[in-house]
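Dropping a prediction and its sequence here:
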Amino acid sequence: MKLRKTLSIGLALLLIGQVNGQSIEDEAVTWLQEFIQVDTINPPGNEFRAVEFYSKIFEAEGIEFETAESAPGRGNIWARLEGGDEPGLMLLQHTDVVPADPAYWTTETLSGEMRDGYILGRGARDMKGTGISHLAAFLTLHRSGRPLNRDVVFVASADEEAGGLFGVGWLIDNRPEIFEGVGLLMNEGGSGSQDSDEIVFGVEVTQKVPVWLRLTAIDEPGHGSSPRPTSSLTRIVDALAILRESPFPARIIPPVATYFAGIAESLDNEWASAYANIEQAITDPEFLPAFQEYRPGHHALTRDTCSITRLSGSNKINVVPPEAWAELDCRMLPDRPAEEFIADLTSLVEGTGVEVSVIMAFTPAISSTNSRLFSAIENVTRELYPNSRVMPSVSTGFTDSHFTRDLGIVSYGFDPIITKPGEPTGVHGNDERIPVAAFRRGVTDMISIIRNVVNN
Ligand SMILES: [Zn+2]
């Protein structure tokens, strides 16, 4: 009798989402503040500390989990809630953060301090805040005990900020069973933005593909006083001039057309019609340079690009070196194999005698919006915010989603947190912060979306 009474009180508390008088939002705020204080600055990473952080919580909740180190200190942790036969849902986060220069911060960089309505500290937005939302959703499902129509897999991985080879990349190669049966995935990359009375939720469905290349030229060395017609350096300079002056032709891939049309709906300036009809706009030769000046990040979505980022020649002013090199950070639209892009670039610079070698190239992939998870995001946000819309978006940067898209998992960059456009986030910059009220609401909305997918 006594036991039954305790159980029913426990059940009642769970039903109203309270544990020890705390709401899941209260818990999430405490977790986030504590998690920010866990030093996982990459390099070196030390993500085993994040593994310890999550292990303690999982142990207290009675959730089984597994961990693995990809290299000393580079910890990864995952846990699975078993459900029905529908394709599994993975909640993927990276636990590492980029370094922060204390000289430019107004608080300790890992303080997790709450001030003026914000939680501050490196990782607050990228992506410990989202990671804690995943945790809150995962624990809510576990605590409720309601049957799930599919497995839900929680993964907190290392090394995303340095390319993910000690995190998701390593897990796919060494612990492939984690990804077994998974068909849907939530990761970082998109969120809500509220401008006056309209809310737009961006869901990242694809990203430009990094193709990092090195150009090397070898030629006769000599004395700087007696130049020859060509040298290793003139060859490099010639090749770079070609790449600079013959940029790749603009082309619009369908996700970019959709994304820009979505942006156009919120624009009331002279750019609106160009965004609405971007295919047409790029045919005007004067449009592209103006667009590049206006929004370099959006311009980059209209073509393949290369930034010249590293350059090396002689280490002495009067010596013509035998070898010179340059490195290019190229980003390709995700509609063709990287090999094709590399072949195009190689033929462009062929006459200069430089050799093109590949430092890193990912494979392109686009996640379809025709999925149970995308409609859950649409349905839940429409119900919660009638004045909102959901827009598939394309990112110029890359996240770990390229790894999981390669596995055929429909992967979205999305956190339902709503912030104001232009509100400083400090991501990879100074005083990184997250608004407390928006974070709390985002946690609850994340739970609603996940529940919509898994409880039916
Ligand atoms: Zn991130």
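Great, that's in hand.

C-alpha from now on. contacts and neighbour counts both.
Noted.

the helices in the stretch 201-350 of the chain, which residues?
In the stretch 201-350 of the chain, the helices defined using DSSP state H, counting those that start in this stretch lie at 232-245, 254-265, 272-276, 278-281, 287-294, 296-299, 338-348.

Residues touching the third one, excluding its own?
Which is helix 272-276. 260-265, 280-281 (Cα atoms under 8 Å, 6 or more residues apart in numbering).

In those, which residue is surrounded by the most others?
Phe260 (23 neighbours; other Cα atoms under 10 Å).

and the residue nearest to that one when sequence neighbours are not counted, how many neighbours?
Spatial nearest neighbour of Phe260, excluding adjacent residues (Cα to Cα, 6 or more residues apart in numbering): Tyr275 at 5.1 Å. By the criterion of other Cα under 10 Å, Tyr275 has 23 neighbours.

Same check on Asn370?
Residues near Asn370, counting by other Cα under 10 Å: 9.

for Gly164, same thing?
19.

Give me the pLDDT for it.
We have a pLDDT of 96 for Gly164.

Now name the helix or strand holding Pro416.
Using DSSP states H and E, Pro416 falls within no helix or strand.

what do you get for Glu383?
Glu383 is part of helix 372-384 when elements are defined by DSSP H and E.

other SSEs contacting that helix?
In terms of contacts (3 or more Cα pairs under 8 Å, 6 or more residues apart in numbering; DSSP states H and E), helix 372-384 is packed against strand 388-395, helix 436-454.

Need the residues that contact the first one.
For strand 388-395, contacts defined as Cα under 8 Å, 6+ apart pick out 189-190, 198-208, 255-256, 258-259, 262, 301, 369, 377-378, 381-382.

Please repeat the previous calculation with a cut-off of 7 Å.
If you take Cα atoms under 7 Å, 6 or more residues apart in numbering as the criterion, strand 388-395 is touched by 198-208, 255-256, 259, 262, 378, 382.

cool, and stretch 80-98?
Under Cα under 7 Å, 6+ apart, the answer for stretch 80-98 is 40-42, 45, 47, 50, 122-123, 127-128, 131, 134, 147-161, 181-187, 428.

Filter those down to just the ones in helices.
Applying DSSP state H to these, the entries found in helices are 50, 131, 134.

Look up which helix or strand the nearest residue in space to the last one that is not next to it in sequence falls in, please.
Using Cα to Cα, 6+ apart and skipping residues adjacent in sequence, the residue nearest His134 is Leu91, 6.1 Å away. Secondary-structure assignment from DSSP H and E places Leu91 in strand 86-94.

What of Gly190?
Using DSSP H and E, Gly190 sits within no helix or strand.

Ok, the one 3 residues further on next?
Using DSSP H and E, Ser193 maps to strand 192-195.

Which neighbouring elements make contact with that strand?
strand 198-207, strand 418-419 (3 or more Cα pairs under 7 Å, 6 or more residues apart in numbering; DSSP states H and E).

Now tabulate those strands in a markdown table and tack on mean neighbour count, mean pLDDT and distance to Leu240.
Formatted as a markdown table, these follow (neighbours: other Cα atoms under 10 Å; pLDDT from 0 to 100; distance: least, Cα to Cα, whole Å):
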| stretch | mean neighbour count | mean pLDDT | distance to Leu240 |
| --- | --- | --- | --- |
| strand 198-207 | 24 | 97 | 25 |
| strand 418-419 | 20 | 97 | 41 |
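
All good on my end, thank you.
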